[in-house]
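S.K.: No letters, just coordinates:
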């Protein structure tokens, strides 16, 4: 089970980089580029997942995603949320 968690975290880290999350949330997921950009490190997995999913579905995040390519699908988003939740606050 420990190896599965480590592999999920590795995938989440890769997706975090691939989707350019660090551009706004910081490489460490806590050095945000503005006071309105949330720090993700150490947040609850479900909070990160559900809030980001809602942003994507309501297109409220479109201006942020512009220039980043596609948005992550639900599985990828869950992996990213799992990864940032493991990072120290």
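M.R.: Cool, got the structure. Owing to the predicted nature of the structure, the values given are computational and were not obtained by experimental measurement.
S.K.: Now residue 30: which helix or strand?
M.R.: Residue 30 belongs to no helix or strand when assigned by DSSP states H and E.
S.K.: is it true that it touches residue 38?
M.R.: No: the criterion here is C-beta atoms under 8 Å, and residue 30 misses it with residue 38 at 9.5 Å. In this view, the C-beta of every residue, glycine as well, is placed from N, C-alpha and C.
S.K.: ok, now which ones touch the spatially most central residue of the chain?
M.R.: The residue lying closest to the centre of the chain (C-alpha atoms, centre = their mean) is residue 80, at 4.5 Å. By C-beta atoms under 8 Å, 6 or more residues apart in numbering, the contact set of residue 80 is 12, 15, 16, 19, 21, 48, 52, 72.
S.K.: Just give me the neighbour total for the first one.
M.R.: Other residues lying near residue 12 total 22 when counted by other C-beta atoms under 10 Å.
S.K.: Check the closest residue to it other than its chain neighbours and give its pLDDT.
M.R.: Nearest residue to residue 12, sequence neighbours excluded (C-beta to C-beta, 6 or more residues apart in numbering): residue 83, at 2.6 Å. Looking at residue 83, its pLDDT reads 97.
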